[in-house]
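Student: Prediction below, plus the sequence it came from.
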Amino acid sequence: MIFGRQLPGTHWSLAVTLNDRLLHHEILDDSQTSYAALIPLPADVQTASNTIEIIASTTQGSDGRCDRGPALMAEMLPTTRLLAGDASYSDPLIEVRQALSEVGVVGLGVLGVLGAADANAASSLLAQLVPTSATLKPDATKAKIVVVPPQSAGFALPETGPIWLVTQDTITRRPQIDLLEPGTQLPRSSLAVLIVPDTIDMTQIAL
């Protein structure tokens, strides 16, 4: 970056944030007109969509001073670059949607009976999980998505491929996704959705 000159005794304040989290802050004295640094972007702060802000501000006040001079400027140079790191971003929701998009027609089963409130919650979850490229089809025997009412939880999962357990966060209303091992005892909780790309035999978990 390059900075305009300031009055003696004043400073530039430089801050770098990622998704509203402060990563770097530095105070530069009035004699410094350029700045360069390599600033890491921690993987645990990154999301699927990221916002990086670089903010330069000045401690120079205008009280009692004539401020009709040239505008005080700071500018990023063309050499500023965003460098790719070794880590890759992983989002369980993206993985689930990708797995379902590769299936095409997705069999949907319900374990037990859904009340009105649970049916609305299941509809909300499915709308966030199922990509537009996939088609839902009711299937009472072989299913890739199984809606599990609260009263039907507590059984052991059959031996099959990857199984994702999806519940709804009570605060954000967004899907909360956990990858389960075959044979895992399904915890008793609120309404849940099982995502099983390799298909699950409903007769194996019928209560």
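Tutor: Now that the structure is in, tell me what you want to look at. Numbering: from 1, shown residues only.

Student: Might you list the low-confidence residue ranges for the protein?
Tutor: Within the chain, the ranges that satisfy pLDDT under 70 run 48, 60-72, 87-90, 151-161, 182-183, 187-189, 201-207.

Student: What residue spans form the domains of it?
Tutor: Per automatic domain parsing, the structural domains of the chain span 2-75, 92-204.

Student: residues contacting Val193?
Tutor: Counting by Cβ atoms under 8 Å, 6 or more residues apart in numbering, Val193 touches 122, 125-126, 129, 145-148, 165-167. The way it works is simple: take the backbone N, C-alpha and C, and place the C-beta from them, glycine included.

Student: ok, and the closest non-adjacent residue to it?
Tutor: Of all residues not flanking Val193 in the chain, Val166 sits nearest, at 4.3 Å (Cβ to Cβ, 6 or more residues apart in numbering).

Student: Which residue is the nearest non-sequential neighbour of the residue positioned nearest the centre of the chain?
Tutor: Taking Cα atoms, centre = their mean, the centroid of the chain lies closest to Thr47, which sits 4.6 Å from it. Distances taken as Cβ to Cβ, 6+ apart place Asn19 nearest to Thr47, at 6.2 Å, with adjacent residues excluded.

Student: show me the contacts for the one you found.
Tutor: With Cβ under 8 Å, 6+ apart, Asn19 has these contacts: 45-47, 50-51.

Student: Quickly note the distance from the residue nearest to the centre of the chain to Met1.
Tutor: Separation of Thr47 from Met1 (Cβ to Cβ, to the nearest Å) stands at 26 Å.

Student: which SS state does Leu93 fall under?
Tutor: Applying DSSP: H, G, I helix; E, B strand; the rest coil to Leu93 yields a three-state assignment of helix.

Student: hang on, it packs against Asp169?
Tutor: No. Between Leu93 and Asp169 there is no contact under Cβ atoms under 8 Å: 11.8 Å.

Student: higher neighbour count, these two?
Tutor: For Leu93 versus Asp169, neighbours defined as other Cβ atoms under 10 Å are more numerous around Leu93 (16 against 9).

Student: what sits against that one?
Tutor: Leu93 is in contact with 128-129, 175, 177, counting by Cβ under 8 Å, 6+ apart.

Student: can I get the CA coordinates of the longest helix that the chain contains in PDB?
Tutor: Determined from DSSP state H, the single longest helix within the chain is helix 116-129. The C-alpha trace of helix 116-129 is given here as PDB (Å, rounded to 0.1, in the frame of the first residue of the first chain):
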ATOM      1  CA  ALA A 116     -48.200 -31.100  11.500                       C
ATOM      2  CA  ALA A 117     -45.400 -29.300  13.300                       C
ATOM      3  CA  ASP A 118     -42.800 -32.000  12.400                       C
ATOM      4  CA  ALA A 119     -44.000 -32.100   8.800                       C
ATOM      5  CA  ASN A 120     -43.400 -28.300   8.600                       C
ATOM      6  CA  ALA A 121     -39.900 -28.700  10.100                       C
ATOM      7  CA  ALA A 122     -39.100 -31.600   7.800                       C
ATOM      8  CA  SER A 123     -40.200 -29.500   4.800                       C
ATOM      9  CA  SER A 124     -38.000 -26.600   5.900                       C
ATOM     10  CA  LEU A 125     -34.900 -28.900   6.300                       C
ATOM     11  CA  LEU A 126     -35.500 -30.700   3.000                       C
ATOM     12  CA  ALA A 127     -35.700 -27.300   1.200                       C
ATOM     13  CA  GLN A 128     -32.200 -26.500   2.400                       C
ATOM     14  CA  LEU A 129     -30.700 -29.900   1.800                       C
END
